[in-house]
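Student: Task: produce atomic coordinates for the following.
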Amino acid sequence: MPDESATPRPEGPVRVLLADDDRLVRAGIAGILSTAAGIEVTAQASDGIEAVDLARRHLLDVILLDVQMPRLDGIRALERLQEQEVAAPVAMLTTFSDEGYIADAIRFGALGFFLKSDDPHHLIAGVRALAGGGAAFSPRVGRWLLRRQARTRFDRSARARALVADLTPRQREVLAGVGKGQSNAQIARSLHLSEGTVKQYLSALFTALGTENRVQAALIAYEAGLHEEA
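Tutor: Down below sits the predicted model:
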């Protein structure tokens, strides 16, 4: 699922670095890419160390890294490329969809993730999207990302609701005001309290919620749905 927001790139072939320790697999992927107009496999590597070295020596538009390689695996190679500020976008290649690999790759700045079993058209379209400034993921990886995003939202909401459930009714009212973006004065007026009392409630709230400031408390209020309460 290539990112359709990718921007046009300058004229000329898309220069690709391909790294995979399996010579036959590497040749197969290079062959697929070579059938596409405007894509050129500029360099090939058999391990992560060689890939990082070639990335520094060549002018590249896209880097494809196999996840599992000897000497230096794809994830560690990606980390080194980021440390050395190599500009070309990086996509990961693997033979299976592993959530741990996907999470690590995204954390270290990968803009694409392809399964070697994907349709060749997905790989070609993904390389073009990456070269144009977009992102591209295998359809199966894209579905995992959507599930992960939904699960993360659910987990944050559940945690926030559990924290709010332990508050006193008055603390909950004060937190609701914070979640709505109200100032101390506005909260004081709506609850018929003094501003000093509101400050005391806020201090106790920060301790109860394990937050350090008003912004963090407001996020918990929002995730717990307090901003929707009358």
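Student: name the helices or strands packed onto the longest helix seen in the chain?
Tutor: For the chain, the longest helix by residue count, based on DSSP state H, is helix 139-165. On a contact count with 3 or more Cβ pairs under 8 Å, 6 or more residues apart in numbering; DSSP states H and E, helix 139-165 meets helix 99-107, strand 112-115, helix 214-223. (C-beta placed from N, C-alpha, C; glycine too.)
Student: Next secondary structure after the second one?
Tutor: Next in sequence after strand 112-115, counting helices and strands by DSSP states H and E, comes helix 120-131.
Student: got the buried residues for that next one?
Tutor: By neighbour count on 16 or more other Cβ atoms under 10 Å, the buried set for helix 120-131 is 122-124, 126-131.
Student: Over to stretch 215-223?
Tutor: In stretch 215-223, counting by 16+ other Cβ under 10 Å, buried: 217-223.
Student: One more: stretch 189-208?
Tutor: Neighbour counts over stretch 189-208 (16+ other Cβ under 10 Å) mark 191, 193, 197-198, 201-202, 205, 208 as buried.
Student: and if you look at stretch 151-169?
Tutor: For stretch 151-169, using 16+ other Cβ under 10 Å, the buried residues are 160, 163-164, 167.
Student: Give me the residues contacting that stretch.
Tutor: In this structure, residues lying in contact with stretch 151-169 by Cβ atoms under 8 Å, 6 or more residues apart in numbering are 172, 175, 205, 208-210, 219-226.
Student: Then stretch 95-109?
Tutor: Residues outside stretch 95-109 that contact it (Cβ under 8 Å, 6+ apart): 67, 74-75, 78-79, 82, 90, 92, 94, 113, 115-117, 138, 140-141, 144-145, 148.
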